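Chemist: Coordinates for the following, if possible.
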Amino acid sequence: MADDLRKVAARFPVEGEVNDIRPLGSGLINDTFRVCTDGPRDYVLQRINQAIFQDVDLLQHNIDCVTRHIRSKLVAAGETDIERKVLEFLPCRWTGRSYWTDGTQWWRMSVMIPDALTFEEVTPEYAGYAGEAFGRFEAMLSDLPDKLGETIPDFHNMELRARQLREAVAADAAGRMADPEVRALVADIQTLEDEMCKAERLFREGILPKRICHCDTKVNNMLFDRDGRVLCVIDLDTVMPSFVFSDFGDFMRTAANTGAEDDPDLDRVSLDMEIFKAFTRGYLSSAGEFLTPVERENLPFAATLFPYMQAVRFLADHINGDTYYKIKYPGHNLVRTRAQWKLCCDARAKLPLMEGFIRDCR
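Modeler: Numbering: from 1, shown residues only. Down below sits the predicted model:
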């Protein structure tokens with residue numbers, strides 16, 4: 001394996017001799033390795049999961065456009081230490097593209113940013129940093145001249161997810177619609193279907209724009225320096241056109257949940273308003289200038305949309321017989337559905353609080 005990785009690394013213009021290649025991080029999608037050299041820089045080598053990202057050329061086109069544009073913005077602003085504030089991907093020696101493939105596996109290499117840290121813990125302090133960083137990320141890309149594609153088509157399309165649930169109910173492939181609890185959950189969740197598909201309707205009416213969004217807004221998708229300052233946003237595979245609700249709502253679903261995504265104790269599940277306030281304050285401080293009134297006013301809606309969307313997806317998978325999400329025990333997807341539905345309902349109850357806070361942030 002080590003010799004094979006060295007052969008892959010040799011496809012890219014690495015400075016110095018490669019001393020060691022070792023696994024890096026614990027990502028669930030791509031296989032990631034640290035390439036240690038005797039030169040001035042180390043590198044990050046990744047095997048791209050083509051089962052998830054089926055159009056690698058489009059994937060890397062998006063990333064190349066985004067990193068190039070951010071770098072130009074940093075240069076124009078007179079920023080220092082730019083090499084630590086934006087990712088740099090190396091061109092393949094033979095093709096000049098920012099990836100290499102042997103026809104069965106796809107690889108890319110980036111420069112490793114030195115003296116950088118990530119954090120897993122979500123506190124109001126780090127939620128504020130995340131809001132500011134992701135808002136700034138969107139703001140810098142708000143005038144991107146290049147056209148980007150969807151690396152995962154319909155990733156956050158609520159109309160599609162609602163249709164998939166209806167199809168799962170109609171097919172009842174695993175015979176689970178006989179369960180009274182499943183039928184009750186389907187009925188409750190579908191009462192909100194029209195409301196939760198609002199974004200797609202507003203887009204068709206020309207009221208809601210699509211932006212270049214990160215679409216995976218986790219605290220650990222930022223790099224910090226040792227003084228606690230954000231260096232840059234990382235993990236750019238899902239950067240694509242979407243509604244700003246994607247970045248705002250997905251962070252709330254994962255980071256502002258007081259319980260676990262699959263918490264069996266629903267009393268532990270609620271929307272943490274302190275996390276909401278911190279992220280929102282940071283986000284509006286950097287993204288506020290380009291947001292339209294419709295986008296800004298509907299940020300609380302986004303906090304309800306994403307747990308709803310995930311409840312729909314978990315429930316559809318349960319009804320289909322657990323064909324998409326890995327489960328740890330029978331009924332796991334049903335437990336996940338209950339937890340996400342509870343989070344959605346709690347967020348809806350707190351809509352007046354969230355709306356009032358955003359008005360006060362003006």
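
Chemist: which stretch of helix or strand covers Q164?
Modeler: Assessed by DSSP states H and E, Q164 sits inside helix 158-171.

Chemist: Heading C-terminal from that helix, find the next helix or strand.
Modeler: Counting by DSSP H and E, what follows helix 158-171 is helix 180-190.

Chemist: Give the other helices and strands that that next one contacts.
Modeler: helix 158-171, helix 299-320, helix 332-349 (3 or more CB pairs under 8 Å, 6 or more residues apart in numbering; DSSP states H and E). To be clear about C-beta, it is placed using only N, CA and C from the backbone, and glycine gets the same treatment.

Chemist: Generate a markdown table for the ones you listed, with mean pLDDT and mean neighbour count as supplementary columns.
Modeler: Formatted as a markdown table, these follow (pLDDT from 0 to 100; neighbours: other CB atoms under 10 Å):
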| stretch | mean pLDDT | mean neighbour count |
| --- | --- | --- |
| helix 158-171 | 98 | 17 |
| helix 299-320 | 97 | 25 |
| helix 332-349 | 98 | 22 |
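
Chemist: what's the angle between the helix holding Q164 and helix 299-320?
Modeler: Using axes from the mean of the first three to the mean of the last three CA atoms, to 10 degrees, the direction of helix 158-171 lies 30 degrees away from that of helix 299-320.

Chemist: who touches the nearest residue to D265 once chain neighbours are set aside in this structure?
Modeler: Nearest residue to D265, sequence neighbours excluded (CB to CB, 6 or more residues apart in numbering): G259, at 7.0 Å. G259 makes contact with D265, L266, R268, V269, S270, A339, L343, according to CB atoms under 8 Å, 6 or more residues apart in numbering.

Chemist: Now, of the residues you listed, which are buried?
Modeler: L266, V269, S270, A339, L343 (16 or more other CB atoms under 10 Å).

Chemist: And the helices in this protein?
Modeler: 2-9, 56-76, 124-140, 158-171, 180-190, 193-196, 198-204, 244-255, 273-287, 293-297, 299-320, 332-349, 351-360 (DSSP state H).

Chemist: ok, back up a step: which among the contacts of G259 gets closest to G96?
Modeler: Checking the contacts of G259 against G96 by CB to CB gives L343 as the nearest, at 46.1 Å.

Chemist: can you pull the contacts of the nearest residue to E274 once chain neighbours are set aside?
Modeler: Closest residue to E274 apart from its sequence neighbours, by CB to CB, 6+ apart: P124 at 5.0 Å. Residues in contact with P124 (CB under 8 Å, 6+ apart) are E274, I275, K277, A278.

Chemist: Rebuild these as CSV, extending it with neighbour count, pLDDT and distance to E15.
Modeler: Converted to CSV, the contacts of P124 look like this (neighbours: other CB atoms under 10 Å; pLDDT from 0 to 100; distance: CB to CB, whole Å):
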residue, neighbour count, pLDDT, distance to E15
E274, 11, 97, 45
I275, 23, 97, 42
K277, 21, 98, 45
A278, 24, 97, 40
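
Chemist: okay, these in TSV with distance to R47 next?
Modeler: Output for the contacts of P124, formatted as TSV (distance: CB to CB, whole Å):
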residue	distance to R47
E274	39
I275	34
K277	40
A278	36
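
Chemist: Quick check: the farthest pair among these?
Modeler: Using CB to CB, the contacts of P124 span at most 7.4 Å, a distance reached by I275 and K277.

Chemist: number of nearby residues for the closest residue in space to D64 that isn't next to it in sequence?
Modeler: With sequence-adjacent residues excluded and distances taken as CB to CB, 6+ apart, D64 is closest to S98, at 5.5 Å. Neighbourhood size, S98 [other CB atoms under 10 Å]: 21.

Chemist: quick one: S98 from L236, how far?
Modeler: Going from S98 to L236 by CB to CB, to the nearest Å gives 11 Å.

Chemist: Which neighbours do those two have in common?
Modeler: When contacts are counted by CB under 8 Å, 6+ apart, S98 and L236 have I63 as shared neighbours.

Chemist: measure stretch 170-180 end to end?
Modeler: End-to-end distance for stretch 170-180, by CA to CA, to the nearest Å: 16 Å.

Chemist: what's the most centrally placed residue in the chain in contact with, if anything?
Modeler: With distances taken as CA atoms, centre = their mean, D216 lies nearest the centre of the chain, 0.8 Å away. Under the criterion of CB under 8 Å, 6+ apart, the neighbours of D216 are D235, D237, T238, D250.

Chemist: Would you mind checking those residues for buried ones?
Modeler: By 16+ other CB under 10 Å, the contacts of D216 give D235, D237, T238, D250 as buried.

Chemist: quick one: which of these is nearest to R161?
Modeler: Using CB to CB, D250 comes nearest to R161 of those, at 13.6 Å.

Chemist: That closest one reaches T217, doesn't it?
Modeler: Yes: using CB atoms under 8 Å, D250 makes contact with T217 at a distance of 5.4 Å.

Chemist: Can you name the residues that contact the nearest residue to D188 once chain neighbours are set aside?
Modeler: Nearest residue to D188 in three dimensions, chain neighbours excluded: W341, at 7.2 Å (CB to CB, 6+ apart). Going by CB under 8 Å, 6+ apart, W341 touches L185, D188, I189, P307, Y308, A311.

Chemist: Pull the number of nearby residues for the third one.
Modeler: To tie it back to what came earlier, the one meant is I189. As a burial measure, I189 scores 21 neighbours (other CB under 10 Å).

Chemist: With P241 instead?
Modeler: Quick note: P241 (other CB under 10 Å) scores 17 neighbours.
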